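*Asks:* I need the structure of the sequence given here:
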Amino acid sequence: MKLVLPGLLLAMPFFSAMGEPTLTVVTYNIHHAEGLDGVVDLDRIAGILRALDPDVIFLQEIDRNLSRTSRQDFPALFSEKLGMEVFFEANYLFDNGEYGNATLTRLPVKEHENIALPNPMNVEPRGCLRVTVEWEGQLIDVMNTHLGLKGQERLAQAEAIVARMSDRPIILGGDMNENLTAPALQRFTAKLKDTLIEDADGKGNSFPAEAPRRRIDFILVSEEFEVLSSSMVINEETRVGSDHLPYVTTLRRAGAAKAEDDGEK
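*Replies:* This next block holds a predicted model:
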């Protein structure tokens, strides 16, 4: 089921120090907004996201009309709280409700679809939500996914996602449930590059939030992008808001710095 909710669209681009427009992207597995304190708090999650001032947000583990979260419509509420357009796709139906991924953006959206992913072990259904946005006059595919818990299913799911990638610039983010050197991630990095600039001393670890030991949340991009900054967001709120930490990266067009330097000669 496709859900599109028009929030307040803030289309003003952000700019690097040199004046080149930048694009800030966040991925966050929010654990249906239930924090490590046992409290379901959408305002806490929305506050964490708002402080990052992103252009695109990838959210995983989103509830809609489930009893465990008081039958709340998470996609609609996040759209309202953040003033962004939201696209939600349910991959798993239970308890008369829906559970899946949501992508929010302030950019103009041209199309969207959910890619149903292979389920070779007949466990929780998974999907990849692809939203095509326009940024600086160019169409970009932003792809949001949450891979399975077993290596066999993750590999099949990664191969399905790669097979559906277009020739447009791509930003892929989500909870991959494995590290960068594992087989599924290697399928992705054969086409895309990691956005984490430096992972010294485990600074890229995203799980568990209170004492992160594993890096399983990623944003990967195609060669058309240059990474300006990237980090796990670690503060008092994010250590308790979910069992994962949010990850944020800021991008610009590859080659922009050279073009600016050439223009100054």
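
*Asks:* May I have the beta-bridge partners of residue 130?
*Replies:* residue 113, residue 143 (DSSP bridges).

*Asks:* quick one: residue 119 and residue 153 touch, right?
*Replies:* Yes. Residue 119 sits in contact with residue 153 when judged by C-beta atoms under 8 Å, with a separation of 6.7 Å. (C-beta placed from N, C-alpha, C; glycine too.)

*Asks:* So which of the two has more stuff around it?
*Replies:* residue 153 (22 against 15; other C-beta atoms under 10 Å).

*Asks:* just the strands in the stretch 101-250 of the chain please.
*Replies:* 109-116, 127-135, 138-146, 170-175, 193-194, 217-221, 225-232, 247-253 (DSSP state E, counting those that start in this stretch).

*Asks:* middle-most residue in the protein, spatially?
*Replies:* residue 58 (2.6 Å; C-alpha atoms, centre = their mean).

*Asks:* That residue in helix, strand or coil?
*Replies:* strand (DSSP: H, G, I helix; E, B strand; the rest coil).

*Asks:* Pull up the overlap in contacts between residue 119 and residue 153.
*Replies:* residue 126 (C-beta atoms under 8 Å, 6 or more residues apart in numbering).

*Asks:* And residue 255, what's its pLDDT?
*Replies:* As predicted, residue 255 sits at a pLDDT of 85.

*Asks:* Setting aside sequence neighbours, what's the nearest residue to it?
*Replies:* In this structure, residue 255 finds its nearest non-sequential neighbour in residue 226, 7.5 Å apart by C-beta to C-beta, 6 or more residues apart in numbering.

*Asks:* tell me the contacts of residue 81?
*Replies:* Neighbour list for residue 81: 42-43, 46, 50 [criterion: C-beta under 8 Å, 6+ apart].

*Asks:* for residue 134, same thing?
*Replies:* With C-beta under 8 Å, 6+ apart, residue 134 has these contacts: 107-110, 140.

*Asks:* how does it look with 10 Å?
*Replies:* Taking C-beta atoms under 10 Å, 6 or more residues apart in numbering, we find residue 134 in contact with 11, 107-110, 140.

*Asks:* Number of residues surrounding residue 50?
*Replies:* Count around residue 50 with other C-beta under 10 Å applied: 14.

*Asks:* Hmm, residue 29 and the residue nearest to the centre of the chain touching each other?
*Replies:* Yes. Contact criterion C-beta atoms under 10 Å: residue 58 and residue 29 qualify, at 9.1 Å.

*Asks:* what do those two both touch?
*Replies:* With C-beta under 10 Å, 6+ apart, residue 58 and residue 29 have common neighbours 101, 146, 174-175, 217, 246-247.

*Asks:* now, which of the residues you listed sits nearest residue 188?
*Replies:* residue 174 (10.3 Å; C-beta to C-beta).

*Asks:* Tell me the bridge partners for that closest one.
*Replies:* residue 145, residue 218.

*Asks:* give me the number of residues near it?
*Replies:* 28.

*Asks:* same question, residue 221
*Replies:* Neighbour tally, residue 221, other C-beta under 10 Å: 24.

*Asks:* what's the closest non-adjacent residue to it?
*Replies:* residue 171 (5.2 Å).

*Asks:* Can you read off the pLDDT for the one you found?
*Replies:* 99.
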